[in-house]
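# just need the structure, nothing else, for what follows:
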Amino acid sequence: FYVHTMTTIQHASEKEGSWQLHEEVPSKKELESAQVIEYGEKFTRGKTIEHNNNHIALVESGTSINVAEDEDLDFCERLCNGFASFLFPKLTPVPFEVFIFLTIFSAIPALLYIAIFTKMGFGLKTFYYISDNYEQFGVVLGAGICLGALFLYLFDCYYWSSYSGIFLRRIFLGTLVIGIALLTLCMAGTYPYNPISLFFVLSAGWMILVRQLLFSDVEAKVFVSWLSSPFFFVAVASLVSWLVWALYKDGNEWNLVVKISEAEESGCAPDFNSYPNLDCQNNDGEICFTADIESNTLIFDDCDELCVEVFSSCANSFIIWVGPFLISLGYIFLSFFAAFLREGSSPEQETTKFAKIWLFILFATWVGASLSGAGVGISATLAALTLSSFIAAAIFLAISFDKIEREEQMHKIRDSLVEKYGNHFDIFRGLLVVTSTPVFLLYFVVSFLIQRIRDINCCHGGPPPRTESLRNVTGSGWLTIEARRLIREFLSWNITKVLTYAVYWGLAFMVM
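Have a look, this model is predicted:
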């Protein structure tokens with residue numbers, strides 16, 4: 001019997017009913033029939049992992065493992081166990097009272113969102129009020145945020161090291177974050193997925209605040225791993241409550257009549273300009289048809305039935321209706337991420353497994369929404385949901401590891417990617433050339449401006465303008481050190497091969 005101990009494989013022998021690890025390392029031949037058990041779990045029915053007809057898993061060196069009888073699992077049991085282990089995250093065990101406590105605090109943001117931004121609450125009124133009163137301020141607010149961010153970037157705010165500089169940087173960045181949040185809400189009428197995106201980012205901040213106030217003695221990484229169970233419970237509760245509500249009465253279901261009847265109420269304006277050949281307005285300048293939800297019919301007042309297309313681009317009512325389901329999706333994402341940080345987990349394997357699950361969920365959601373007649377806007381909504389979930393996960397990751405640990409993790413991820421996909425990097429570099437060349441050119445222009453500001457050396461710090469590794473790189477004295485590092489990376493590419501793939505990508509885009 002052998003056990004994998006994170007770094008090596010060691011012998012294990014039975015002692016007083018358990019298996020104890022030994023120092024000697026088995027030979028490769030001995031490992032052909034090795035039995036290895038899973039970290040933190042007993043070797044029992046339903047807990048084994050099959051790999052090359054052996055039981056494979058991880059344990060810590062020096063620990064004792066209780067081993068039960070090794071019995072063969074029947075096919076159905078093996079299938080169910082494999083399906084469950086694939087579909088559900090490996091939740092971190094926590095004390096019951098801690099689970100209840102964290103579940104309540106995790107549910108507070110979800111309940112607030114459901115009450116304010118979904119049809120189960122006052123979502124229709126909220127979206128209409130925001131669209132009618134605040135959407136006109138979005139352009140001005142967005143321009144101010146862009147100018148403020150450009151100012152901080154040009155003056156190297158991330159290099160300000162004095163006490164006053166650090167204080168000002170925090171003030172400016174905090175103001176930008178608040179401005180982005182307000183902009184997100186102001187544009188909810190045009191981009192209805194904005195509130196759900198903001199929700200997940202704020203939920204991460206909320207749980208960090210809970211830790212600071214009530215669990216300050218718990219290590220950040222441990223606290224985040226504890227959240228896997230509460231997040232998963234809230235996700236299931238949100239999904240079940242939404243399904244029960246939707247099936248409770250006909251008026252809560254989704255169909256074309258509901259979409260049309262709630263389009264204007266949710267902040268959508270009819271798009272008459274896209275259909276100039278259709279007379280879709282009555283004498284009062286309003287739409288020429290009405291929706292009767294009780295009979296589930298549309299009543300037209302001497303106009304073409306194609307006039308319903310004036311609301312074809314409106315996704316507001318669907319996003320408001322499906323809001324609790326989106327909450328469930330996001331919390332499942334965060335539950336899997338929190339489970340990655342549990343002690344003894346294998347982040348690479350867990351990430352690969354979850355990536356497959358997440359892609360399947362997104363695809364199934366997109367297909368279901370398209371078949372229900374709500375395909376407009378669903379792709380952007382799922383993309384925004386994924387991006388905001390990654391931002392929330394990044395926030396949790398930032399508090400779970402210090403700077404050195406984060407750099408080590410990034411190096412491990414980079415080395416793993418190079419080892420697995422290094423031979424295919426030129427394909428992705430070609431895609432980068434096709435899609436991002438204008439962005440890079442703009443970056444070098446901005447880099448030139450930043451270097452001129454650095455040369456003045458006014459009220460900010462900065463990196464050294466010259467280093468030995470960059471002394472002979474193009475742009476010395478003209479571009480920033482960061483831009484010259486990027487140039488050095490470009491020069492290390494196989495330019496001919498990368499440009500060849502770029503041409504192939506261009507042809508593919510043209511054909512599509």
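# sketch out the low-pLDDT regions of this structure for me.
Across the chain, the ranges flagged by pLDDT under 70 are 1-89, 283, 285, 342-354, 370-377, 413, 417, 421, 457-476, 512.
# tell me where it has strands.
In the chain, strands defined by DSSP state E lie at 2-4, 9-15, 18-21, 50-51, 54-55, 64-66, 289-292, 297-300, listed in chain order.
# state the distance from residue 308 to residue 274.
Residue 308 sits 13 Å away from residue 274, going by CB to CB, to the nearest Å. Just so you know, the C-beta spots here come from the backbone N, C-alpha and C atoms, and that holds for glycine as well.
# over to residue 131?
For residue 131, the distance to residue 274 under the criterion CB to CB works out to 19 Å.
# ok, the two, which is more surrounded?
Each of residue 131 and residue 274 has its neighbours counted (other CB atoms under 10 Å); residue 131 has more, 22 against 11.
# pretty sure the more buried one contacts residue 188?
Yes: under the contact definition of CB atoms under 8 Å, residue 131 touches residue 188, with a separation of 7.1 Å.
# okay, and the common contacts of the two?
Shared contacts of residue 131 and residue 188, defined by CB atoms under 8 Å, 6 or more residues apart in numbering, are found at residue 267.
# okay, buried residues for stretch 420-429 please.
In terms of neighbour count (16 or more other CB atoms under 10 Å), stretch 420-429 has its buried residues at 426, 427, 429.
# ah, wrong one, I meant stretch 399-418
Those buried within stretch 399-418 under the rule 16+ other CB under 10 Å are 399, 400, 401.
# got it, and stretch 111-124?
113, 114, 116, 117, 118, 119, 120, 121, 123, 124.
# ok, the residue nearest to residue 231 when sequence neighbours are not counted to residue 98 distance?
Leaving out its chain neighbours, the residue that sits closest to residue 231 by CB to CB, 6 or more residues apart in numbering is residue 335, at 3.9 Å. In this structure, residue 335 and residue 98 are separated by 16 Å, where distance is defined by CB to CB.
# neighbour count winner among these two?
residue 335 (24 against 15).
# thought the more buried one was touching residue 238?
No: using CB under 8 Å, residue 335 is not in contact with residue 238, being 12.0 Å away.
# hang on, the earlier thing: possible to save the buried residues of stretch 111-124 as TSV with distance to residue 260?
What follows is the buried residues of stretch 111-124, written out as TSV (distance: CB to CB, whole Å):
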residue	distance to residue 260
113	25
114	24
116	24
117	21
118	19
119	15
120	20
121	22
123	17
124	14
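# buried residues in the lengthiest helix in the chain, which are they?
The helix of greatest length in the chain, counted in residues with DSSP state H as the criterion, is given as helix 425-456. Neighbour-count burial for helix 425-456, with 16+ other CB under 10 Å as criterion, is recorded at 426-427, 429-434, 443, 447, 450-451, 454.
# helices or strands up against it?
helix 138-154, helix 481-491, helix 495-511 (3 or more CB pairs under 8 Å, 6 or more residues apart in numbering; DSSP states H and E).
# quick one: distance of the last one to the chain centre.
Right, the one you point to is helix 495-511. 29 Å (CA atoms, centre = their mean, to the nearest Å).
# repeat for the shortest one
Put simply, helix 481-491 sits 29 Å off its chain's centre (CA atoms, centre = their mean).
# that helix to helix 495-511, inter-axis angle?
Compare the direction of helix 481-491 with that of helix 495-511 by axes from the mean of the first three to the mean of the last three CA atoms, to 10 degrees and you get 90 degrees.
# quick one: buried residues of helix 481-491?
Across helix 481-491, burial judged by 16+ other CB under 10 Å covers 481, 483, 484, 486, 487.
# any chance of those in a markdown table, plus distance to residue 312?
Shown next, in a markdown table, are the buried residues of helix 481-491 (distance: CB to CB, whole Å):
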| residue | distance to residue 312 |
| --- | --- |
| 481 | 51 |
| 483 | 45 |
| 484 | 50 |
| 486 | 43 |
| 487 | 47 |
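# what's near enough to touch the residue lying closest to residue 334 once chain neighbours are set aside?
Take residue 334 and drop its neighbours on the chain: the residue closest to it by CB to CB, 6+ apart is residue 231, 4.9 Å away. By CB under 8 Å, 6+ apart, the contact list for residue 231 reads 106, 331, 332, 334, 335, 338.
# then residue 260?
With CB under 8 Å, 6+ apart as the criterion, the residues that contact residue 260 are 289, 291, 298, 308, 311.
# and which of the residues you listed is nearest residue 150?
residue 311 (37.6 Å; CB to CB).
# can you count the residues close to that closest one?
When counting by other CB under 10 Å, one arrives at 22 neighbours for residue 311.
# so what's the residue count around residue 187?
Around residue 187 there are 20 other residues, counting by other CB under 10 Å.
# shouldn't it be in contact with residue 194?
Yes: distance between residue 187 and residue 194: 5.8 Å, which falls inside the contact criterion (CB under 8 Å).
# mind checking how far the residue nearest to residue 231 is from residue 210?
Here the criterion is CB to CB. By it, residue 335 lies 16 Å from residue 210.
# same check on residue 90?
With CB to CB as the criterion, residue 90 and residue 210 are 23 Å apart.
# same check, this time on residue 329
With CB to CB as the criterion, residue 329 and residue 210 are 22 Å apart.
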